[in-house]
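**Q** how would this look folded up:
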Amino acid sequence: MGSGHSKLRIAVSNCSMNRDMRTSFTRPGALSGGSGGLICPTGGVLQRPSGRSAFRRRSSLARSPGAVPKAWLALLCCALASFRCDARLNVVATTPDLGSIASAVGGNKIDVTVLVRPTEDPHFVDPKPSFVVKLNRADVLIEGGAELELGWLPSLLQSARNSKIAKGAPGRVVANEGIKMLEVPVSLDRSKGDIHAAGNPHYLVDPENALIVARHIARALAAVDPESSAAYESNLAEFTASLQTALQEWKRKLEPFRGRSLVGFHNSWPYFANRFEFKIDIYLEPKPGVPPTPAHLAEVITTMKERRAAVILVDTYQDRRTAEAVASRTGATVLDVSHFPGGMKGTEAGYIAFMNRLVDSLATALAAKAD
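**A** Numbering: from 1, shown residues only. Next comes the predicted model:
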C-alpha cells in the first residue's frame, strides 16, 4: 500500500436490488496533476484533508496490513452515505420483439441486451463468445420458449454459469408460458420437417400474446427488483392501454380483407392469421425448414391461382428470389416483412411501431390487388 497509485476498494453489496456493485476510491497521487483526491464513482472528487499529517502513517500501514487511518474512514463513510445506488437491471432478451416489450415495461429501470439481430433467423444463431459474457452478467433472461432457441441457447447458458437466470430462478422468463400454443403436434415426426414439440413458436405477431408476455416480464422484474415494482406496474399499464388501442385500429384496417388467402415462405404466421382472420396455409417451403423444390413450387403456383392468393410474405432472411419467381407466374405481390422490430425500416421504435408497419404494408398490398 506504499505506492502512490495503489487503490483501496470497498464492495457495496445487496444495494437495493440484491446485486453486487463495486466502488473504487483512488489513493492520493493517483489523480493526474497529483491532486491527491478521492475519485467517486458518481463523478465527484472528495478532496483529502489539508496538511501532511493525515498521510504520515504509511510506514505503520505497511507494518499493519488492512489498517485504515481514521481520516480515510471518515471520508469513505461520507462517500458511501451519499452514494446513489441507481444501477439498472441487466436484462437479456433472445429476440428483438421480446427486448422491445421488456424495454416498454422496464423503462429507465433496466438495460436491455438483445442477442438475435432483427434480420436474423432466430432458429439458427451463431453462439458467439460475447453472448456468454452478456448472459453471465444478466439479472434477467427473457427467452421465447417453445424450442425457438433450442439450437443455440442451452450451450450458452451452460457456459455462462449464472444462477440468477437458471431454470426456475426469478430472473428466468419463458415468455410462451400461459399462451395458447397453436399447431402442437400429437407426436414428433422429423420427416414432417422442423416442428416444435410445444407448438409453433412465432406467437408474438398476435398482439394479444404480446400483452401476456408483457405481464410475465413485469412480474419477473418486480420479483428481482421489488423496490421498483410500482414503476413496472405503471409502465405495464401504459403499454397495455396503447397496445389495446392500436389493436382495434389494426383490426379496422384489415377488416375488408378478412378470409383472404396469403402465402408464407415459412410456417410462421398462424397466430397472425388467427387474430386477423386470414388463411395462411400455403408455404413456399414444402415442410418447415426444408428448402423449396421445383415440384413443390409448381403445386404452390396452382393452389395460389385457385385461391386467388395475391400476396407472398417474405421475411428479411428468406430467399426473395424464389418468391419473385412464384410471383411472376401468379401475378402476386412479394411483401417484405419481419417478425421483429427493426427488421423493417421505420420499426425501430418498438413493438407497436413494428406491428403498425406490418399491418399498414399488408393492407396496402391487398388493397392494390383488389383494384
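
**Q** which residues in the protein form strands?
**A** 7-12, 21-26, 38-39, 45-46, 89-93, 110-114, 140-143, 172-174, 261-264, 279-283, 311-315, 333-337 (DSSP state E).

**Q** and the residue sitting nearest the centre point of the chain, what is it in contact with?
**A** The centroid of the chain falls nearest to G99 when counting by Cα atoms, centre = their mean (2.4 Å). By Cβ atoms under 8 Å, 6 or more residues apart in numbering, G99 lies in contact with 91, 93, 112-114, 142. For every residue, glycine as well, the C-beta is placed using N, CA and C.

**Q** for I282, same thing?
**A** Residues counted as contacts of I282 (Cβ under 8 Å, 6+ apart) are 261-264, 300, 303-304, 307, 309.

**Q** next one: Q318
**A** Q318 sits next to 265-266 when contact means Cβ under 8 Å, 6+ apart.

**Q** And Y283, by the same measure?
**A** By Cβ under 8 Å, 6+ apart, the residues touching Y283 are 263-267, 300.

**Q** who's it bridged to?
**A** On the basis of DSSP bridges, Y283 takes part in beta bridges with G264.

**Q** Distance check, it against D189.
**A** According to Cβ to Cβ, to the nearest Å, Y283 stands 17 Å off from D189.

**Q** repeat for L156
**A** As judged by Cβ to Cβ, L156 and D189 stand 29 Å apart.

**Q** do the same with P270
**A** P270 sits 19 Å away from D189, going by Cβ to Cβ.

**Q** more neighbours, those two?
**A** The neighbour count for P270 versus D189, taken as other Cβ atoms under 10 Å, is higher for P270 (21 against 9).

**Q** low-scoring stretches of the protein, by residue?
**A** 1-86, 191, 371 (pLDDT under 70).

**Q** can you list the domain ranges for it.
**A** Taking automatic domain parsing as the reference, the chain has its domains at 7-82, 89-248, 255-370.

**Q** how close does the residue nearest to the centre of the chain get to Y351?
**A** Computed with Cβ to Cβ, the distance linking G99 and Y351 is 9 Å.

**Q** next one: S328
**A** According to Cβ to Cβ, S328 stands 34 Å off from Y351.

**Q** The two: which has the busier surroundings?
**A** When S328 and Y351 are compared on other Cβ under 10 Å, the one with more neighbours turns out to be Y351, at 28 against 11.

**Q** Name all residues that make contact with the more buried one.
**A** Contacts for Y351 (Cβ under 8 Å, 6+ apart) come out as 97, 100-101, 104, 204, 210, 243, 341.

**Q** Setting aside sequence neighbours, what's the nearest residue to it?
**A** Distance criterion Cβ to Cβ, 6 or more residues apart in numbering; nearest residue to Y351, sequence neighbours excluded, is S100 at 4.4 Å.

**Q** To what extent is that neighbour buried, counted in neighbours?
**A** By other Cβ under 10 Å, neighbour count at S100 equals 27.

**Q** quick one: contacts for it?
**A** Residues counted as contacts of S100 (Cβ under 8 Å, 6+ apart) are 341, 350-351, 354.

**Q** These: which two are farthest apart?
**A** Among the contacts of S100, the pair separated by the greatest distance (Cβ to Cβ) is G350 and F354, at 6.9 Å.

**Q** joint contacts of these two?
**A** The contact sets of G350 and F354 overlap at 100, 341 (Cβ under 8 Å, 6+ apart).

**Q** The two: which has the busier surroundings?
**A** Using other Cβ under 10 Å as the criterion, G350 and F354 rank with F354 on top: 26 against 20.

**Q** dump the residue contacts of the more buried one.
**A** By Cβ under 8 Å, 6+ apart, the contact list for F354 reads 97, 100, 338, 340-344, 347.

**Q** How much space separates it from N235?
**A** From F354 to N235 the distance is 18 Å (Cβ to Cβ).

**Q** again, but for L157
**A** 27 Å.

**Q** now swap in E227 and tell me
**A** Counting by Cβ to Cβ, the separation of E227 from N235 is 15 Å.

**Q** what about the two, which has more around it?
**A** N235 (22 against 12).

**Q** The more buried one contacts A104, correct?
**A** Yes. N235 lies in contact with A104 (Cβ atoms under 8 Å); the separation is 6.4 Å.

**Q** Common neighbours of those two, please.
**A** Contact criterion Cβ under 8 Å, 6+ apart; residues shared by N235 and A104: none found.

**Q** Neighbours of T333, how many?
**A** Applying other Cβ under 10 Å, we find 15 residues neighbouring T333.

**Q** Also L188?
**A** Residues within reach of L188, counting by other Cβ under 10 Å, total 9.

**Q** Contacts only, for it.
**A** With Cβ under 8 Å, 6+ apart, L188 has these contacts: 195, 197.

**Q** Excluding sequence neighbours, find me the nearest residue to V205.
**A** Leaving aside its sequence neighbours, V205 sits nearest to F272 (Cβ to Cβ, 6+ apart; 4.1 Å).

**Q** wait, the one you found sits on E208?
**A** No. Counting by Cβ under 8 Å, F272 does not reach E208; the two are 11.2 Å apart.
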